[in-house]
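K.L.:
quick one, structure for this:
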Amino acid sequence: MSAPTRTRLILTGILVAVALVVGVAVGVAADGKKSQPARQEQKKDLSKYVGWEACQACHDEMYKKFEATPHWKTTLDTRRGAAWQGCEACHGPGAEHIEAGGDKTKIFNFKGVSAKQIGERCMECHTYGEEHSNFDRSAHNTNDVSCTDCHSAHKAKERQFLLAAAQPQLCYSCHGETKPQFNKPFRHRVNENLVKCTDCHNQHGGFLTRQVRATAAQDAVCFKCHADKAGPFVFEHAPVKTEGCVACHVPHGSSNPRLLKRNQINLLCLECHTLTVDSPVPGIPTFHNQAQKYQACTICHVTVHGSNHSAVFFR
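P.N.:
Now for the predicted structure:
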């Protein structure tokens, strides 16, 4: 056997050994994650769980409402054990509560406890997935808005997501300053239920300002509907990529067409395109006539969101 061949065999053996070690480590980590709920359950005294039938004996009306919700189906997973089933999945073990004749202090009651405690209880199940993974950093959580302020496990007005009220009225109950914006002449059709607040904002938290969502490509959420403005373009308009759509548009509602910030297009453009000594942005040339009939810059610069043909967005 030649020396090069022997060297290749040795290197191949080393690589196989490393792959096996990494595979075992990943497998152990994966098993650890999968078995975590089981370990948590082992710490609980399962003898104190009495089952949903015992709860129904006293709380029949409430149980019937609970039975009609998606929670009822998801919490009757017998494979996960008594601590994850029925009413006790959320309220905790009920044996002491029953023995004490219905003493509310002997069971977890969502009324009268802090938003942090409620959040921790709900996040025992709702931790996984992108929607809730950033709840700890959410503006709602940091401002002591609890899960039950928006959701109702027993008396939900909206079956989907168990909302305590329908959007947008649910959001308006706190965000009153936003409500008048949707009454302006040019607006997103939120009041007409064509667009929902949660289409653009992740109420459970996120990394972007105002908990704004992003597309799968991590672009501005506006491109989810306005895909023709997304590009990529050969010639990009810088504000679209740096400041985003809100550089020129008001997201909720405006008195100006196309939700623009200014009623004259040239005034909006001049906020950036003004000749100064140190400005990196090209200003308006002296031969541009700013008389009223020429004030709409988009008469000539028709592709202001980006162009594949013109560096000055003519086409």
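K.L.:
now stretch 138-154 - C-alpha only, PDB.
P.N.:
Extracted in PDB, the C-alpha atoms of stretch 138-154 (Å, rounded to 0.1, in the frame of the first residue of the first chain):
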ATOM      1  CA  SER A 138     -42.200  41.900  24.400                       C
ATOM      2  CA  ALA A 139     -43.600  45.400  25.200                       C
ATOM      3  CA  HIS A 140     -46.700  43.700  26.600                       C
ATOM      4  CA  ASN A 141     -44.800  41.600  29.100                       C
ATOM      5  CA  THR A 142     -42.500  44.500  30.300                       C
ATOM      6  CA  ASN A 143     -45.600  46.700  30.800                       C
ATOM      7  CA  ASP A 144     -47.400  44.000  32.900                       C
ATOM      8  CA  VAL A 145     -50.000  43.100  30.300                       C
ATOM      9  CA  SER A 146     -50.800  39.500  31.000                       C
ATOM     10  CA  CYS A 147     -52.000  36.700  28.700                       C
ATOM     11  CA  THR A 148     -55.500  36.800  30.200                       C
ATOM     12  CA  ASP A 149     -55.800  40.500  29.300                       C
ATOM     13  CA  CYS A 150     -56.100  39.500  25.700                       C
ATOM     14  CA  HIS A 151     -57.100  35.800  25.900                       C
ATOM     15  CA  SER A 152     -59.800  34.000  27.700                       C
ATOM     16  CA  ALA A 153     -59.700  30.200  28.200                       C
ATOM     17  CA  HIS A 154     -63.300  30.000  29.300                       C
END
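K.L.:
how about the residue nearest the centre of the chain, what does it touch?
P.N.:
Centrality entry for the chain: nearest residue to the mean C-alpha point is residue 202, 2.8 Å, by Cα atoms, centre = their mean. The contact partners of residue 202, taken as Cβ atoms under 8 Å, 6 or more residues apart in numbering, are 131, 134, 138, 211, 212, 213. Using the backbone N, CA and C atoms, a C-beta is placed for each residue, glycine as well.
K.L.:
distance check, it against residue 301.
P.N.:
With the distance defined as Cβ to Cβ, to the nearest Å, residue 202 ends up 34 Å from residue 301.
K.L.:
what's the answer for residue 185, then?
P.N.:
Taking Cβ to Cβ as the measure, residue 185 falls 25 Å from residue 301.
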